[in-house]
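1. Quick one, structure for this:
(one chain, ligands or ions: 1)
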Amino acid sequence: MKILITGGLGFIGSAVVRHLIGDSDHEVINLDKMTYAATTASVSSVENNPRYTFEQTDICDPEALRETFAKHRPDAVMHLAAESHVDRSIDGPSAFIHTNLIGTFNLLEAARNSGVARFHHVSTDEVYGSLGMTDPAFTEQTSYDPRSPYSASKAGSDHLVRAWGETYGMSTLITNCSNNYGPYHFPEKLIPLVTIKAMAGDPLPVYGKGDNVRDWLFVEDHARALVLVAESGLPGETYNIGGDEERTNLEVVTAICHQLDSIDPLPDGRPRTDLITFVADRPGHDLRYAIDHSKIGAELGWAPTVGFEQGLERTVEWYRENENWWGPLQQLATERRGLKT
Ligand SMILES: NC(=O)c1ccc[n+]([C@@H]2O[C@H](COP(=O)([O-])OP(=O)(O)OC[C@H]3O[C@@H](n4cnc5c(N)ncnc54)[C@H](O)[C@@H]3O)[C@@H](O)[C@H]2O)c1
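-> Residues are numbered from 1 along each chain as shown. Take a look at the predicted model:
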């Protein structure tokens, strides 16, 4: 297939691009506006491949989208472009409404008018709301209950995609995944932020008491699942994707500290857990997310292959070796966001 992927210079999108070029024979058109979250270095390993093309296009610009679709005539769309940082959505929800809602609407219309055969929309488990500690994990039947501007905008975009499937007969697919982690993750998100600060011996900010629980999914496992759904998912279906690795934020931060202490102890010999500093919680911070991914396992044969400890080791090692990637992004990521209410 000729696959047009949006947001392919972001964290997950670039993993999908690398996977599509490295492990399949699909053609890839990477459409990205290049916001603060985009890094061209994340696709440098594949950018000279003849099956790869890049288009700098804003999904909020319908005319530019029309031209890009007319030029490339893609068979399928994988839609990952979004404003994705919850804290930023609290300080400035407008960009989230524009990109995640209006942008998705524009993209659906461009795809429909150009006769795209499959439209795969990538969404989040956050649309399902917050779980109590003993509640069962989210399934594809869980009712939507988004609670942040980010998750509300993603929930709205999911509804648009379903509506375009029902109303216009488009072959739409939706995936809702848990928290991703791995190489090339923008340094404002928890795992890269804490890794970089812990390497330097700086204070490690943890929201509230650090007891919020997330299910962690290694990004390369996720990229594999997304390509499988784009290729073989049943039109009209939704698939949940998770890592089966629930951890509290404090457990995640502690694991990073232990790993770095074992390979590169601080000069004064202090354990890095001494650097943990509890800071004011994010407003409306969801307590727990957990994903039941049995459907994609039963129907498409996917399962996560990288456990949390192994994935974290690979991730921390990658950040130790790739300051040339994350160093220039530091100034965009340092400011604490999400405190305005
Ligand atoms: N990262 C996670 O843990 C996670 C979890 C669940 C769902 N998701 C979803 O997966 C998708 C990818 O997430 P990510 O973490 O890779 O995001 P990211 O913020 O790392 O990357 C987003 C990319 O989209 C591009 N983009 C933003 N606005 C655009 C616009 N108007 N037009 C074109 N391109 C634009 C950016 O330039 C960037 O390259 C998003 O839809 C997100 O909601 C992410």
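2. List the contacts of Arg18.
-> Ser42, Val43, Ser45, Val46, Ala223 (C-beta atoms under 8 Å, 6 or more residues apart in numbering). Yep, even glycine has a C-beta here, placed from its N, CA and C like the rest.
3. neighbours around Leu190, how many?
-> 20 (other C-beta atoms under 10 Å).
4. now do Ser44
-> Ser44: 12 surrounding residues under other C-beta under 10 Å.
5. Assign the closest residue to the ligand within the stretch 151-300 of the chain to helix, strand or coil.
-> Nearest residue of the stretch 151-300 of the chain to the ligand (C-beta to the nearest ligand atom) works out as Asn180 at 3.6 Å. The assignment at Asn180 comes out as strand when based on DSSP: H, G, I helix; E, B strand; the rest coil.
6. I'd say it and Val219 touch.
-> Yes - at 4.6 Å, Asn180 and Val219 qualify as touching, with contact defined as C-beta atoms under 8 Å.
7. Name the residues contacting each of these two.
-> Phe11, Ile12.
8. Please list the residues of this protein that sit near the ligand.
-> Residues of the chain lying close to the ligand by C-beta under 6 Å from any ligand atom are 6-7, 9-13, 32-35, 37-38, 58-60, 80-84, 99, 103, 122, 124, 154, 177, 179-180, 186.
9. Show the buried residues in these.
-> 6-7, 9-13, 32-33, 35, 37-38, 58-60, 80-84, 99, 103, 122, 124, 154, 177, 179-180, 186 (16 or more other C-beta atoms under 10 Å).
10. Give me the subset of the contacts of Arg18 lying in helices.
-> Those of the contacts of Arg18 mapping onto helices are Ala223, per DSSP state H.
11. Where does the residue of the chain positioned farthest from its centre fall, secondary structure wise?
-> When each C-alpha in the chain is compared with the mean C-alpha position (C-alpha atoms, centre = their mean), Asp268 comes out farthest, at 36.7 Å. Assigned by DSSP states H and E, Asp268 belongs to no helix or strand.
12. ok, Glu140 touching Ile296?
-> No - the criterion here is C-beta under 8 Å, and Glu140 misses it with Ile296 at 9.3 Å.
13. Quick one: residues contacting the residue of the chain with the smallest separation from the ligand.
-> Across the chain, the shortest distance to the ligand (C-beta to the nearest ligand atom) belongs to Gly10, at 2.0 Å. Counting by C-beta under 8 Å, 6+ apart, Gly10 makes contact with Asp32, Ala37, Ala38, Ser42, Leu80, Ala81, Ser84, Phe186.
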